[in-house]
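>>> coordinates only, no sequence provided:
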């Protein structure tokens, strides 16, 4: 028995890399267990006071912290080996940089998103031809639940789209969620040049006031708080219409309204249906 123990000790002493490997696995395991226990304990203590969005945010943030701590652990334990390997592969460093370019760009895009905060979990964003609600934000990619098609409707298509974070470094991001409670929404009604656009404008404005009247005062107070905090001009809260002439024989009535963020599709449909009914009569 003593001989077996001495042989095992001799084997471990002759293989320090194996010891470091076991240490790395143990530390990562402890970090992961700590993360899981902390998240569950925090949610248990908070109980029902935590919203679903807040729970998702806590899970995502804890996951990012675990990844960063795990990477730091690997560099701390294997620092000397990593340094020697880096020196020995200097000749192929350029090839490695090219091969991992997209990976580092995704990480850089993630840090840009965290530092500049162009959007948050639950916001509705648009980037190139992709439009949807943000449901997950990771170190390498962001997942949105698609809304569309394009900007024609506000209904979910049932598709989840994964966007590499590197896209945020080169493409502009449009955040449609100016406020989490109330949003500025635009409805375009096309007309022919021969139509009675003055009557159509009157009918459309009446339909908008009927659909949005109950939200005007609450929306005004909410928008005032937001604009005062961000030091930007307060937008017009009441429904208003702009007349545009996109082509020689066409007229567009552009209606802008302020409505609850969760009620965009329903309010838009109510306004359009009421307008068509009134205008036809």
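Thanks, I have it. Since the structure is predicted, the reported quantities are computational estimates derived from the model, not experimental observations.

>>> might one say that residue 73 is in contact with residue 24?
Yes: contact status for residue 73 versus residue 24: in contact at 6.6 Å, counting by C-beta atoms under 8 Å. All C-beta atoms are positioned from the backbone trio N, CA, C, and that covers glycine.

>>> quick one, helices of this protein?
Assigned by DSSP state H, the helices in the chain fall at 2-14, 16-46, 52-77, 79-88, 93-99, 101-116, 197-212, 216-230, 264-280.

>>> of all those, which one is nearest residue 167?
Proximity to residue 167 (C-beta to C-beta) singles out helix 101-116 among the helices of the chain, at 6.9 Å.

>>> okay, buried residues for the closest one please.
Buried positions in helix 101-116, judged by neighbour count with 16 or more other C-beta atoms under 10 Å: 105, 106, 109, 110, 113.

>>> relative to helix 52-77, how tilted is that helix?
120 degrees (axes from the mean of the first three to the mean of the last three C-alpha atoms, to 10 degrees).

>>> would you mind listing the outside residues contacting helix 101-116?
By C-beta atoms under 8 Å, 6 or more residues apart in numbering, the residues outside helix 101-116 that reach it are 119, 137-142, 164-169.

>>> show me which of those are buried.
Buried, going by 16+ other C-beta under 10 Å: 119, 137, 139, 140, 141, 142, 164, 165, 166, 167, 168, out of the contacts of helix 101-116.

>>> list just the nearest of the residues you listed to residue 280.
Nearest to residue 280 among these, with distances taken as C-beta to C-beta, is residue 119, at 40.6 Å.

>>> ok, that closest one touching residue 173?
Yes: Residue 119 is within contact range of residue 173, at 6.5 Å (criterion: C-beta under 8 Å).

>>> kindly reformat the contacts of helix 101-116 as CSV containing pLDDT and distance to residue 34.
Shown next, in CSV, are the contacts of helix 101-116 (pLDDT from 0 to 100; distance: C-beta to C-beta, whole Å):
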residue, pLDDT, distance to residue 34
119, 84, 30
137, 89, 22
138, 87, 20
139, 86, 19
140, 88, 23
141, 90, 25
142, 91, 26
164, 91, 30
165, 91, 26
166, 89, 31
167, 90, 33
168, 89, 31
169, 88, 33
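
>>> what about the residues you listed, which are in strands?
In strands, defined here by DSSP state E, the members of the contacts of helix 101-116 are 137, 141, 142, 164.

>>> can you name the two of those that sit furthest apart?
Top of the distance list for those (C-beta to C-beta): 137 and 164, 12.4 Å.

>>> and the residue found closest to residue 163 once you drop the neighbours it is linked to in the chain, how far is that from residue 277?
Residue nearest to residue 163 in three dimensions, not counting chain neighbours: residue 142, with 4.9 Å by C-beta to C-beta, 6 or more residues apart in numbering. If you measure residue 142 against residue 277 using C-beta to C-beta, to the nearest Å, the figure is 41 Å.

>>> repeat that for residue 259.
Taking C-beta to C-beta, one finds residue 259 at 20 Å from residue 277.

>>> quick one: which of those two has more around it?
residue 259 (22 against 11; other C-beta atoms under 10 Å).

>>> show me how the protein divides into domains.
Listed by automatic domain parsing, the domain ranges of the chain are 2-88, 117-175, 182-280.

>>> can you pull the pLDDT of the residue nearest to residue 137 when sequence neighbours are not counted?
Leaving out its chain neighbours, the residue that sits closest to residue 137 by C-beta to C-beta, 6+ apart is residue 60, at 5.7 Å. pLDDT recorded at residue 60 is 83.

>>> for this protein, what are the low-confidence residue spans?
1-16, 47-48, 85-97, 149-154, 177-180, 226-234 (pLDDT under 70).
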